[in-house]
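Peer 1: build me a model from this:
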Amino acid sequence: MAAQESEPTLIGSVQRALRLVDIVANAPRPLPAKALAAATGLTAGTTYNLLRTLVHEGYLSVEPDGIVLGDRFPSFQEQIDSRGVFLARVRAALREVTDEVGATAYLSRFDDGEVHLVDIVDGTHKPRVELWVGLHSSAHATALGKQILAGLGESERLDYLSRHRLEELTPKTISDRATLLTQLQQSPGWVVDDEEYSIGSTCLAVPVIAPGVTASLAISLPAEQAVVDRALVRRLQRTARNLSLQLGADALDSGAAGVAVGDEFTI
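Peer 2: Residues are numbered from 1 along each chain as shown. Below is the predicted model of the structure:
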């Protein structure tokens, strides 16, 4: 058999499409088409054509700030810890909140002992709070951070606070450790930051909890317009609960897949 006949037949367009999906799946942020073209070395025309097909088939999805994974991407059943997969799940939940409430929506996550901002979706008429101090140094002054701290076990909470100064970001920031701990321990399942991070802004956060995930979902509102009532809290909790269930189901599917593979090897 000739050498060329023994080599597999490779379809270049499929390789290029899979490369695009791979880059998106491992990206922590939505990626614009131009960035994908630059990352792959493809022409803009080729990139746009491939993306159009992948979006049509549901493997990718278009957001205002770039491309994320779509609902049909197979790893949704196997790789909950993949950055791109987690981002796509989060983006859908934030989009739902923004569309229904009209406020900018945020999600943060506790990982490796720190609070990290995962994603933001801007509300049309209520722009995001200017993030002038990162969550690493401001969790105590933000609803996003305080909700995560409220959900931690006592030892983890105390460990976190022992490693971070409670800087006074505004005159309303709780910078006294005992006062903050009391507030966190008495949390009713949701947390408010009333101009503690930024004067003129009120934020509401609720928990997102799943296997391997400790996170918080929040919205920001102009302080003079903010009405944090039971209906708003329940609306945010409903989306957070659905996201938690999705992430939990993904983790269970991943575990089931692992058992099946193990069974194959033991036969």
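
Peer 1: pLDDT below threshold where in the protein?
Peer 2: 1-8, 10, 73-83, 249-267 (pLDDT under 70).

Peer 1: quick one: the strands in it?
Peer 2: Assigned by DSSP state E, the strands in the chain fall at 60-63, 66-69, 104-111, 114-121, 191-194, 201-210, 213-222.

Peer 1: just put those strands in a markdown table and tack on mean neighbour count.
Peer 2: Every residue, glycine included, has its C-beta placed from N, CA and C. As requested, the strands of the chain are exported to a markdown table (neighbours: other CB atoms under 10 Å):
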| stretch | mean neighbour count |
| --- | --- |
| strand 60-63 | 20 |
| strand 66-69 | 23 |
| strand 104-111 | 23 |
| strand 114-121 | 21 |
| strand 191-194 | 22 |
| strand 201-210 | 23 |
| strand 213-222 | 24 |
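
Peer 1: distance to residue 167 added to those, as JSON lines?
Peer 2: Below are the strands of the chain laid out as JSON lines (distance: least, CB to CB, whole Å):
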{"stretch": "strand 60-63", "distance to residue 167": "33"}
{"stretch": "strand 66-69", "distance to residue 167": "33"}
{"stretch": "strand 104-111", "distance to residue 167": "18"}
{"stretch": "strand 114-121", "distance to residue 167": "14"}
{"stretch": "strand 191-194", "distance to residue 167": "14"}
{"stretch": "strand 201-210", "distance to residue 167": "17"}
{"stretch": "strand 213-222", "distance to residue 167": "20"}
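
Peer 1: test my guess that residue 87 contacts residue 67.
Peer 2: No. Here residue 87 does not reach residue 67: they are 10.8 Å apart, not a contact under CB atoms under 8 Å.

Peer 1: now the common contact residues for the two.
Peer 2: residue 30 (CB atoms under 8 Å, 6 or more residues apart in numbering).

Peer 1: just the helices in the stretch 51-200 of the chain please.
Peer 2: With DSSP state H, counting those that start in this stretch as the criterion, the stretch 51-200 of the chain has helices at 83-101, 135-138, 143-151, 154-163, 177-185.

Peer 1: of those helices, flag the one that's most buried.
Peer 2: Across the helices of the stretch 51-200 of the chain, averaging neighbours per residue (mean count of other CB atoms under 10 Å) puts helix 143-151 on top, at a mean of 26.
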